[in-house]
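Chemist: sequence first, predicted coordinates after that:
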Amino acid sequence: MKINSSADNRITVDLTKQDMAELNITYEEMDYSTIETRRVIWTLLDEAGKALGRELDPSRRMIIEAVPKSEGGCVLNFTLLDTARRINTQKQFLKKQSGYILCEFDNLDSLYRAAENCVFSGESSLYESKGKYRLFLKSTDDIRNISRRFSEFGIVTECDGLTCEYTREHWNLLAHKNAVSLLLNQ
C-alpha cells in the first residue's frame, strides 16, 4: 500500500492485488452503500492519517474515486471537501472509472486517417508527446462504433484515471473538449 498526499485536501492510496485480498474486498464489490466498503474506506483513512501524521475524520465530506489497475488492485483518490462548502448531496459517494476511451496513435497521419469521415458529437481532447498522440473520447452512445473505427489506426482502450492524469500532467494539450471536430475541419 502506497499513500501519497499531493495537497492538503487530496490523498491517494495505491492498493496492490495483495492489499485488496488482505482487506477482503475487490474493485467490483466496492460500493459506499455497503458496510464492507465503508469498513475498508475507514481502515484506509486511518492508515493514511497515521502515515501522513494527521487526523482524518471518515465522516468528513469527501469524494472518493476508485480506479482499477490492470494488474489487479486499485487506486483510491480521496478529495476532502471544505466543511463550509455546500454540495448537492448529503452523502459521500464512490465514483468509479474515468468515463474516457483512450486512443493512442504513433503518428499524426494515423490520427488524421482515423478521424476522417468520423461522426462524433461527444467531448474529446488531444495530447501529444514525442511524436505520439493520445485522443481521449468521453463515453457516449456511439463510442463503440468510434472505437472500432479508431482501432484500425491506433490502440484503443478504456482509460483508467491514472493514465488520464499522467497524460494531462506530462503531455502537451493540443485541443480541449472538441478535438475530433477540429481534426475534421483541418
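Modeler: Looks like it arrived, so ask away. Residues are numbered from 1 along each chain as shown.
Chemist: so how far is stretch 150-159 off the chain centroid?
Modeler: Stretch 150-159 sits 17 Å away from the centroid of its parent chain (Cα atoms, centre = their mean, to the nearest Å).
Chemist: measure it end to end?
Modeler: Its first and final residues considered, stretch 150-159 spans 15 Å by Cα to Cα, to the nearest Å.
Chemist: cool, stretch 116-125 as well?
Modeler: First-to-last residue span, stretch 116-125, Cα to Cα: 16 Å.
Chemist: and it, how far out from the chain middle?
Modeler: 21 Å.
Chemist: now do stretch 176-186
Modeler: 23 Å.
Chemist: what about the longest helix in this protein?
Modeler: When the chain is scanned for its longest helix (criterion: DSSP state H), the result is helix 35-52.
Chemist: buried stuff in it?
Modeler: By 16 or more other Cβ atoms under 10 Å, the buried positions in helix 35-52 come out as 37, 40-41, 44-45, 48-49. (Glycine included, C-beta is placed from N, CA and C.)
Chemist: now this protein, which segments are flagged as low pLDDT?
Modeler: 82-99, 117, 139-145, 160-161, 186 (pLDDT under 70).
Chemist: how about the strands in it?
Modeler: With DSSP state E applied, the chain shows strands at 2-7, 10-15, 62-68, 74-80, 93-96, 100-105, 124-129, 132-138, 155-158, 172-175, listed in chain order.
Chemist: can you add distance to residue 148 and give these back as CSV?
Modeler: Conversion of the strands of the chain to CSV gives the following (distance: least, Cβ to Cβ, whole Å):
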stretch, distance to residue 148
strand 2-7, 37
strand 10-15, 33
strand 62-68, 23
strand 74-80, 28
strand 93-96, 24
strand 100-105, 11
strand 124-129, 16
strand 132-138, 12
strand 155-158, 8
strand 172-175, 22
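Chemist: for residue 28, which of those is the nearest?
Modeler: The closest of these to residue 28 is strand 62-68. By Cβ to Cβ, the value is 8.7 Å.
Chemist: specify the angle between that closest one and strand 74-80 in degrees.
Modeler: 170 degrees (axes from the mean of the first three to the mean of the last three Cα atoms, to 10 degrees).
Chemist: now strand 62-68: buried residues?
Modeler: Of the residues in strand 62-68, those buried under the neighbour-count criterion (16+ other Cβ under 10 Å) are 62, 64-68.
Chemist: what about residue 14, neighbour count?
Modeler: The local packing of residue 14 (other Cβ atoms under 10 Å) involves 17 other residues.
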